[in-house]
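S.K.: here's a sequence, model it:
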Amino acid sequence: MVTKNMKTLTLFSIALLMILTFAGTALAADNFLVIFMSDEDTVYLNKPVPRYGTVSEPEPPVKEGYKFGGWYTEPACINKFDFDTRIPSKTTLYAKWVPTSGSSGTETGSDADAPPAFKVPGFGMTVGIAAVLGAVLIFGRRKQ
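M.R.: Residues are numbered from 1 along each chain as shown. Coordinates of the predicted model:
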């Protein structure tokens, strides 16, 4: 039997979860993700950076038959990224690859067809909270 105290506790728990979720979202908005792409569709590294902060240069990626040529602001690798640049929003950087002597410039290997790897910060927590809230709403309404 669901008592008035249980309903009050359930509503309080839901309110607390909502407040914590929205507070976490607001705090996360002050950080941006810098995405380092090793190829046009392959994420090498994701680094969270405070708004208007700078990002440190990661260890260079390795690709067989190529030499790493730096990080660039577009896939065509025209404008080299300056690591003293302040990050005002989500930023994607692209690795430039220079074929080594004797290399044909074509990529081979198991990683060539791998899908991009990425994570959405907070997504798992949000889905979990939604599942708990749904269960509370569904099972909390049952009358015995």
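S.K.: identify the residue nearest Y72 in space, chain neighbours excluded?
M.R.: Once flanking residues are discounted, Y72 sits nearest to Y94: 5.0 Å by C-beta to C-beta, 6 or more residues apart in numbering. Quick note: C-beta positions are derived from backbone N, CA and C, even for glycine.
S.K.: name the helices or strands packed onto the host helix or strand of the one you found?
M.R.: Using DSSP states H and E, the element containing Y94 is strand 91-99. Contacts defined by 3 or more C-beta pairs under 8 Å, 6 or more residues apart in numbering; DSSP states H and E place strand 91-99 against strand 31-39, strand 66-72.
S.K.: average pLDDT for stretch 38-55?
M.R.: On average, the pLDDT along stretch 38-55 is 92.
S.K.: start and end of it, how far apart?
M.R.: Separation of the first and last residues of stretch 38-55 by C-alpha to C-alpha, to the nearest Å is 17 Å.
S.K.: mind listing the helices in the protein by residue range?
M.R.: Taking DSSP state H as the criterion, the chain contains helices spanning 4-28, 123-140.
S.K.: pick out the shakiest of these, pLDDT-wise.
M.R.: helix 4-28 (a mean of 59).
S.K.: quick one: residues in contact with the strand holding Y94.
M.R.: 32-40, 44, 55, 60-61, 63, 65-75, 77, 81, 105 (C-beta atoms under 8 Å, 6 or more residues apart in numbering).
S.K.: go with 7 Å
M.R.: For strand 91-99, the surrounding residues in contact (C-beta atoms under 7 Å, 6 or more residues apart in numbering) are 32, 34-38, 44, 61, 63, 65-75, 77, 81, 105.
S.K.: mind giving me the ChimeraX select for those, buried ones only?
M.R.: Buried residues within these, by 16 or more other C-beta atoms under 10 Å, are selected in ChimeraX with:
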select :32,34,35,36,37,38,44,61,63,65,66,71,72,73,77,81
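S.K.: hmm, V34 is touching R86, no?
M.R.: No - judged on C-beta atoms under 7 Å, V34 makes no contact with R86 at a distance of 11.5 Å.
S.K.: thinking again about what came up before, pull out the buried residues from the strand holding Y94.
M.R.: 91, 93-97.
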